Structures are given as C-alpha cells and as structure tokens.
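> pasting the sequence and the predicted model now:
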Amino acid sequence: MKLDNRIILILVATISVYAIFLFVSDFNIITEKISNFKIHYLPLILLLVTVSWIPLIFRWHFLLKNCEIQIPFTKSILVYLSGSALQITPGQIGELIKAQILKTSFGIPRTKTASVVLVEKIYDLIGAIIASIIGMIILELEIYLIIFAILILFLIFFFFYYKPAFEFFLRQIIKTKFFSKYTENISESYEIIKKITTPQIAIRSIFLSITYWFVVSIAVYCTLLAFDIDILSYLKVLSIFTTSTILGAITFIPGGIGVTEGSIAGLFTLEGIHMSTALVLGVMIRIVTLWYNVSIGFIALKFSGFSFKKDFPKE
C-alpha cells in the first residue's frame, strides 16, 4: 500500500477515534466548553507551538553539521519542517522522509542521514523523560514514578553507548523491509551515531530537546486557560503532557492517536477535571501540538518539491 494511501487511512481512523470520544462524552458539556473557548488565546497558543520548533530546528542542523553534512540553513529548516508531515506515522518513523529529501535535493545517501533522524527521535524521548522527571520532583509525586522514569532513561543510555546492545537493536530494525533501505551497513550507522552522541553533543542536544518540551507545554497550559481551567499548575501540565506523549509513542500506534488523547484525558480526570471536559482538552491539545505541526509539514513538503509518487523510498 502506498504511503499517501496510508496517511488517508490514518486521517479516517483519527476522525473515527475523535467521534468515539464525543459519543462517550456528555454532549451538553462538550458543546458548552467549545462555545466558551476563548478564541483570543488561539494566536498565542499557535505562536508558542511554532516557537517551540526553534530549538529542534537548531538541533537538527547541529547534528547534520557534526556528521559533516553541509546544507544551507534555510534548506535545513524546510527539510526539518517537511518531516513534521509524517509525525502521524507509527513511532514517527515517517520522519525518515527527511533522509529521502536530502538524497533527492543534495545527493546525500539515505544510509548516512537516516541515523541522524534516529538519534533525533532518541533525543526527543530523553528530553520528554527528563522534563517529566523535573515536573515530578518539583511536584513531589510518588517516588516510584520518578525511579521508574530514571530506569527508562538509564536503559536508553545503555543501548545508546554500549555497542553490542546498540548493534543488536539495529539488527532488529533492519529486519523490516522499510528500515533495511536506510540502515544497510550496521558498522557505518554505528560510526555516524557515535559522532553525534558524544557527551558534548548529547548534552547540547538534550538541552535543546528539554527546551522544546518546556515551551510547547506552555502552549498546552494556555489551552487549558482558554477553556477557563486554571486548577492545574504549569509543572503539572508539563508532567501530564510529556508522560501522555511518551505513552502514545511507545505503543507505536500511528501518531499515538487515541492513546495520547486518552492518557491526557485520564490524567486530567485524576486531577479533578470532568471526563467530558478532559476529553475535549485532550483532542484540542493534540490539534494544536500535533495536527498543526502536520499541516505545516505538508506545506513545507510542497515547497521542498518532494513527491510521494516519484521520490518516496524506492531503489
């Protein structure tokens, strides 16, 4: 099945999931909340989401430079934003489209740039976990939650820096037809990843990742304020949003659809927000933090000259 057809299926599935959310909710509460949404918050929310991309764009360009891949910064921005179009794929693996665009536009082998995309995703995950841990510690949440998050962080670094473990992980990946085109040479991939995971580069990249999560969480907090909900602190919202995003990502469901929204709603409910209101919040938060990104991604994809029919992985 072609990738563009899969995207249509994902969109249909998303609409179905959101329809189910509405069906199991109190329609009167949903109508009331939507009608009371303070629209003047929307430009601020979208501005914050847009600003949150800045550290990620700098991180992307920084990682490329450390792999001795030199492209104009404006083109680098366009390639990065183009990848956002496929954030709705399972585990966001569709962002490997950036590797294909770099090959088409600059003749850079996909096997070289795919490793950069993989490391990006790992830095995203590390940043989300650290941001979540910071929120948990400040809010003095249950110690076992903090310990569990730290253990996950330790496992990630273990697979990152212990070569036999990393090569085992990579072998599992290249067994799939999709990934085999990007990681043909395990040793080459490992050497590229080594270049962009040195302690100095990792610290800088993780700092930029954490900055993203803190800024985008301000947008999420403002979304709550737009619905006249101010019973949660910013740090609690940060912890809930990052945790829910991680849960959605690890399920490998396209875009974490349903799982992330459900997790946000469930955690908001535990904080005293009515379930129907929490579901509206979950969907709205995803519209501004996921679907807005995807929309901008498709616009960037159009300007990049990329064509699913002509350019998407074929050898």
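The structure has been received and is ready for your questions.
> helix or strand right after whatever helix or strand I203 lives in?
In the assignment (DSSP states H and E), I203 maps to helix 199-226. Using DSSP H and E, the helix or strand that follows helix 199-226 towards the C-terminus is helix 234-250.
> neighbouring contacts of the helix or strand where S76 lies?
Using DSSP H and E, S76 sits in helix 73-83. With contact meaning C-beta atoms under 8 Å, 6 or more residues apart in numbering, helix 73-83 is reached by 53, 56-57, 60-61, 64, 71, 94-95, 97-98, 101-102, 105, 117, 296-297, 299-301, 303-304, 306. In this view, the C-beta of every residue, glycine as well, is placed from N, C-alpha and C.
> repeat that for 6 Å
Residues from elsewhere that reach helix 73-83, judged by C-beta atoms under 6 Å, 6 or more residues apart in numbering: 57, 60-61, 95, 97-98, 101, 296-297, 300-301, 304.
> closest to I39 out of these?
Taking C-beta to C-beta as the measure, I39 lies nearest I296 of the contacts of helix 73-83, at 20.2 Å.
> how far away is the closest one from I34?
In this structure, I296 and I34 are 24 Å apart, going by C-beta to C-beta, to the nearest Å.
> list just the nearest of the contacts of helix 73-83 to F159.
E95 (19.5 Å).
> on the three-state scheme, that closest one is what?
For E95, the secondary structure call by DSSP: H, G, I helix; E, B strand; the rest coil comes out as helix.
> count the residues that sit near the residue lying closest to it once chain neighbours are set aside.
Closest residue to E95 apart from its sequence neighbours, by C-beta to C-beta, 6 or more residues apart in numbering: G83 at 4.1 Å. Using other C-beta atoms under 10 Å, G83 has 24 neighbouring residues.
> would you check how far apart G83 and L225 are?
Shown here: G83 relative to L225, a distance of 30 Å by C-beta to C-beta.
> same check on T104?
T104 sits 43 Å away from L225, going by C-beta to C-beta.
> tell me the contacts of L281?
F268.
> go with 10 Å
Residues in contact with L281 (C-beta atoms under 10 Å, 6 or more residues apart in numbering) are 33, 220, 223-224, 226-227, 229, 261, 264-265, 268, 273.
> so what pLDDT did it get?
For L281, the pLDDT comes out at 92.
> do you know how far it is from Y221?
In terms of C-beta to C-beta, L281 sits 11 Å off from Y221.
> do the same with G272
16 Å.
> the more surrounded of those two?
Y221 (23 against 10).
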